[in-house]
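Asker: coords below, sequence missing:
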């Protein structure tokens with residue numbers, strides 16, 4: 001659920017999981033704070049979901065309406081359980097070849113990482129009702145403080161600590177909408193503006 005009122009910092013408060021209606025209410029440039037549960041997924045998880053296409057019952061977490069966070073967390077394991085040390089974003093475009101299908105197959109409503117994604121993902125965002133969220137790069141410890149609890153993990157023995165799928169409880173986790181379900185990509189727009197300015201500077205405009 002997206003609350004229409006804003007907090008003092010001008011950010012929309014989002015309660016997870018997301019619905020299609022929630023996603024359609026978000027636009028490029030919106031700053032958001034996430035509350036609820038998010039799941040992580042890096043290269044190995046994406047490749048597995050894309051190639052093996054496990055059924056919903058094989059995945060121990062409900063991915064419908066979820067935000068899939070491109071993150072390889074640093075986690076300490078002790079007798080008491082798992083403790084998150086750092087949880088910053090990884091570069092999203094590295095899983096561009098998989099993301100469109102994962103959005104379609106598993107009902108994902110949000111993708112989060114850094115750097116944006118390509119045309120296939122943008123098309124899937126519009127067709128399926130999903131949004132891309134860019135979060136803070138270089139602030140892994142700060143973001144870990146926004147993650148309040150490690151809820152569970154899947155494929156830890158198969159993929160290892162950084163590549164497993166983790167579920168986290170988050171509170172006021174910050175991000176900005178940079179690709180929306182209406183077909184806009186802030187990354188593409190900035191690239192076009194930058195290219196135009198580069199041509200002007202070198203005298204070929």
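Answerer: Looks like it came in fine. Fair warning: this is a prediction, and the values are worked out from it, not measured in the lab.
Asker: count of residues packed around the spatially closest residue to residue 128 that is not a sequence neighbour?
Answerer: Distance criterion CB to CB, 6 or more residues apart in numbering; nearest residue to residue 128, sequence neighbours excluded, is residue 103 at 5.2 Å. C-beta here means a position set from N, CA and C on the backbone, and glycine is covered the same way. The local packing of residue 103 (other CB atoms under 10 Å) involves 23 other residues.
Asker: where does residue 103 sit, in terms of helix or strand?
Answerer: helix 96-106 (DSSP states H and E).
Asker: pull the distance from that helix to the chain's centre.
Answerer: Counting by CA atoms, centre = their mean, to the nearest Å, helix 96-106 is centred 13 Å from the centre of its parent chain.
Asker: I figured the residue nearest to residue 128 hits residue 131, correct?
Answerer: No - the criterion here is CB atoms under 8 Å, and residue 103 misses it with residue 131 at 10.3 Å.
Asker: overlap of the contact sets of the two?
Answerer: 111, 125 (CB atoms under 8 Å, 6 or more residues apart in numbering).
Asker: what residues does stretch 145-164 touch?
Answerer: 37, 40, 42-45, 48, 59-61, 72-75, 81-84, 87, 165-174.
Asker: distance between the ends of it?
Answerer: 20 Å (CA to CA, to the nearest Å).
Asker: hang on, the earlier thing: list the contacts of the residue nearest to residue 128.
Answerer: 111, 121, 124-125, 128, 130.
Asker: just the ones of these in helices?
Answerer: Counting by DSSP state H, the part of these found in helices is 121, 124-125, 128.
Asker: give the next helix or strand downstream of the strand ranked longest in the chain.
Answerer: As assigned by DSSP state E, the longest strand anywhere in the chain is strand 165-179. Sequence order places helix 186-201 as the next helix or strand after strand 165-179, per DSSP H and E.
Asker: just the buried residues of that following helix, please?
Answerer: In terms of neighbour count (16 or more other CB atoms under 10 Å), helix 186-201 has its buried residues at 186-187.
Asker: so where is the chain shaky, pLDDT-wise?
Answerer: Applying pLDDT under 70 to the chain flags the ranges 3-9, 195, 197-199, 205.
Asker: which residues does residue 100 contact?
Answerer: Residue 100 touches 120-121, 123-124, counting by CB under 8 Å, 6+ apart.
Asker: one more: residue 174?
Answerer: Counting by CB under 8 Å, 6+ apart, residue 174 has contacts 11, 31-34, 135-136, 143, 146.
Asker: try residue 181
Answerer: 23-24, 26, 125-126, 129-131.
Asker: for the residues you listed, which one is nearest residue 17?
Answerer: Using CB to CB, the shortest approach to residue 17 within these belongs to residue 23, at 10.8 Å.
Asker: for that closest one, helix, strand, or coil?
Answerer: helix (DSSP: H, G, I helix; E, B strand; the rest coil).
Asker: was I right to think it contacts residue 108?
Answerer: No - shown here, residue 23 and residue 108 do not form a contact pair, counting by CB under 8 Å, at 10.4 Å.
Asker: between those two, which one's more packed in?
Answerer: residue 108 (26 against 21).
Asker: apart from its chain neighbours, what residue comes closest to that one?
Answerer: In space, residue 108 is closest to residue 68, 5.1 Å off (CB to CB, 6+ apart).
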